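1. Okay, structure incoming, though there's no sequence with it:
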């Protein structure tokens, strides 16, 4: 099946610094990638949807200037948490959609990145 | 906006027994897709089963099956012959069939414990 990787798997940073998380589709081209955030014992909340070559669409309440998303190629999307603060500590999950024909347009999920901001 | 409700925060089942996880959703759309995802301790999201709203036949995947009641907006997951490896968080998810970005809308999840 389609594989999505994320790097790093976990990161610890100091408050005020920026952190970049990469999401790659390894064996398919992803026309759309999604970024989710998951707090402990809670559900996945969609942060933004990114399409290759265009600006990301952010969900209501998500700060565009804080969570910068770049989808520069069909296999790579990056999420940069700028000026991170402890409340940004969370588990970030990306998923990618193949864009092929078919009813499901299934999303394939990455393994997630745990961010801890001290 | 569509909402997905999972009313069981935790469920427990004995190995080899059957358990049903409930999910209801609210939508004004007639065409959509429903999914059940499993998230084990590794936190990797795994697709368990999916259902197209226009199909009346309930989806099945080996030991996993759903009871899809469109009029009641209910989409429950039945796990038969439960195994220790089934222990995980289970999320019900909704996706519109319209070209609305294809994002998934998740419920809050049900934590399934499987006891020997």
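-> That came through, no problem. Being a predicted model, the structure only gives us computed values, none of them experimental.
2. Which part of chain A gets nearest to chain B, residue-wise?
-> In chain A, the residue found nearest to chain B is residue A:109; the distance is 3.8 Å by C-beta to the nearest C-beta. For the C-beta atoms, the positions are set from N, CA and C on the backbone; glycine is no exception.
3. residue contacts, the residue nearest to that residue when sequence neighbours are not counted?
-> Excluding its sequence neighbours, the residue lying closest to residue A:109 (C-beta to C-beta, 6 or more residues apart in numbering or on different chains) is residue B:45, at 3.8 Å. Contact analysis of residue B:45 by C-beta atoms under 8 Å, 6 or more residues apart in numbering or on different chains lists A:44, A:93, A:95, A:109, B:37-39, B:91.
4. Spatially central residue in the chain, please.
-> In the absence of a named chain, this looks at chain A. residue A:35 (3.4 Å; C-alpha atoms, centre = their mean).
5. um, chain B though
-> In chain B, the C-alpha nearest the mean C-alpha coordinate belongs to residue B:36, at 3.1 Å (C-alpha atoms, centre = their mean).
6. so where's chain A shaky on pLDDT?
-> Where chain A drops to pLDDT under 70, the residues are A:1, A:99-105.
7. For it, which residues are neighbours of chain B?
-> A:32, A:34, A:38, A:41-46, A:49, A:57, A:91, A:93, A:95, A:97, A:103-107, A:109, A:111-112 (C-beta under 8 Å from any C-beta of the partner chain).
8. sec struct for residue 54, please.
-> Picked chain A for this. Classification of residue A:54 by DSSP: H, G, I helix; E, B strand; the rest coil places it in coil.
9. what sits against it?
-> So residue A:54 contacts residue A:71 (C-beta under 8 Å, 6+ apart).
10. Number of residues surrounding residue B:73?
-> 18 (other C-beta atoms under 10 Å in any protein chain shown).
11. quick one, what contacts it?
-> With C-beta under 8 Å, 6+ apart, residue B:73 has these contacts: B:24-27.
12. nearest to chain A, of those residues?
-> residue B:25 (13.5 Å).
13. And that closest one, how close does it get to residue B:83?
-> 28 Å (C-beta to C-beta, to the nearest Å).
14. all strands for chain A, in order.
-> Secondary structure of chain A (DSSP state E): strands at A:4-7, A:10-13, A:19-25, A:32-38, A:44-51, A:57-58, A:67-73, A:76-81, A:90-97, A:107-109, A:113-117.
15. Which elements pack onto the fourth one?
-> What that stands for is strand A:32-38. Helices and strands touching strand A:32-38, by 3 or more C-beta pairs under 8 Å, 6 or more residues apart in numbering or on different chains; DSSP states H and E, are strand A:19-25, strand A:44-51, strand A:67-73, strand A:76-81, strand A:90-97.
16. tell me how far the last one is from the chain's mean position?
-> Spelled out, it's strand A:90-97. 4 Å (C-alpha atoms, centre = their mean, to the nearest Å).
17. got the buried residues for stretch A:48-67?
-> A:48-52, A:56-58, A:62, A:67 (16 or more other C-beta atoms under 10 Å in any protein chain shown).
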